[in-house]
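J.: Show me how the following folds:
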Amino acid sequence: MIAESHFRFISYFITEQGSEVSVTTLASKLELSRGHTSRIVTELETHGIAQTRSSGREKLVTLADIEPIEQLEGLLTEYSHMEFPSLIGGSGLELLYYLDTARTATELLERCTVSRATIYRRLDELQKVGIVGKSNSRYQLNEPFTVLSSVAQGLFHQSHRQEIERHTTGINFLWETHDEYLFACDSTIEADSFIPTGSAQFEEFDVPLLTRDRHHYFKTDRHPDLTPADVVCHMLLIDDSSRYRTYCLLVIVTQGIAEDTLLDRAAHYQPAASIDVSEIVEILFDYLETEGDTTAEQLPAWDTFTETAEEYAVSV
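T.: Residues are numbered from 1 along each chain as shown. Reported below is the predicted structural model:
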């Protein structure tokens, strides 16, 4: 998590420094020990927010040239009297991530990983300084602070990208929240924190795919295991073509996934999805229940589907 201490460093660079500075100078200016300062710089570098280089026995630090830092610069400069590090650091940044549109406290609680008490405390702090307003039980960012949601989303995305780039290349994000993301990449990843999904998991469900040009992984801080319903949702997010809908149908049948179970998982992915996952799930189950009488453009004729199922030794 990008904490208040990280934002104090960012704020110093933007409002005071503006250029490269040594860890020793940073420690002196911020009245911290050199060891503590070095640790925070390392964390900022891990998140992709800072860059360092060695100069003799010193380490020199600069802020990374990324869009969320540029967006934050304008606010920190114009509203220098506001205590932004304490307002937006830690759980504040997580809250801002989901204030890209007006939401109720309950909707924010469903998306964030912090407690109800923390949600209300943070909202109260942001309201008191005019960053957040409330109308009809819905909270929203006020102008000119609406950019803070983009800043939060950009910083989390940057941190996620940095995490993946330590293991692979050719990264393409397919779905993302502040603490979970689905992505494609060029090669396999050995780190246990990245869970293989998509076609790799379909093989585990006895539905091996004929081709697999890309590798797909899911990263989450919430639970260590994927259910068959998760994997079906991932496949739809990866590729919603007729071919992959057919594979999803086969997995639904082989794993005995109930419609309510799959709709529940679809609802989890829906808010950040580029497609209507829930609607597609309903279409798939209508297709199975009516043996193809209720169909859609991206589904095969029933005879074609049953032939494919027979090839995979799946009884429909």
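J.: mind listing the strands for the stretch 201-316 of the chain?
T.: For the stretch 201-316 of the chain, applying DSSP state E, counting those that start in this stretch gives strands covering 215-220.
J.: and the longest helix along the chain with strand 215-220, angle?
T.: In the chain, taking DSSP state H as the definition, the longest helix is helix 147-165. Using axes from the mean of the first three to the mean of the last three C-alpha atoms, to 10 degrees, the inter-axis angle of helix 147-165 relative to strand 215-220 is 120 degrees.
J.: Give me the helices and strands touching helix 147-165, please.
T.: helix 67-78, helix 84-88, helix 91-97, strand 172-176, strand 180-185, strand 215-220 (3 or more C-beta pairs under 8 Å, 6 or more residues apart in numbering; DSSP states H and E). No exception for glycine: its C-beta is placed from N, CA and C like everyone else's.
J.: Any chance of the ones you listed in JSON lines with mean pLDDT, distance to Gly292 and mean neighbour count as columns?
T.: Shown next, in JSON lines, are those (pLDDT from 0 to 100; distance: least, C-beta to C-beta, whole Å; neighbours: other C-beta atoms under 10 Å):
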{"stretch": "helix 67-78", "mean pLDDT": "90", "distance to Gly292": "47", "mean neighbour count": "16"}
{"stretch": "helix 84-88", "mean pLDDT": "92", "distance to Gly292": "52", "mean neighbour count": "21"}
{"stretch": "helix 91-97", "mean pLDDT": "96", "distance to Gly292": "42", "mean neighbour count": "25"}
{"stretch": "strand 172-176", "mean pLDDT": "97", "distance to Gly292": "29", "mean neighbour count": "16"}
{"stretch": "strand 180-185", "mean pLDDT": "97", "distance to Gly292": "30", "mean neighbour count": "21"}
{"stretch": "strand 215-220", "mean pLDDT": "95", "distance to Gly292": "29", "mean neighbour count": "21"}
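J.: Using JSON lines, lay out those together with distance to Ala313.
T.: Output for these, formatted as JSON lines (distance: least, C-beta to C-beta, whole Å):
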{"stretch": "helix 67-78", "distance to Ala313": "50"}
{"stretch": "helix 84-88", "distance to Ala313": "55"}
{"stretch": "helix 91-97", "distance to Ala313": "45"}
{"stretch": "strand 172-176", "distance to Ala313": "30"}
{"stretch": "strand 180-185", "distance to Ala313": "29"}
{"stretch": "strand 215-220", "distance to Ala313": "25"}
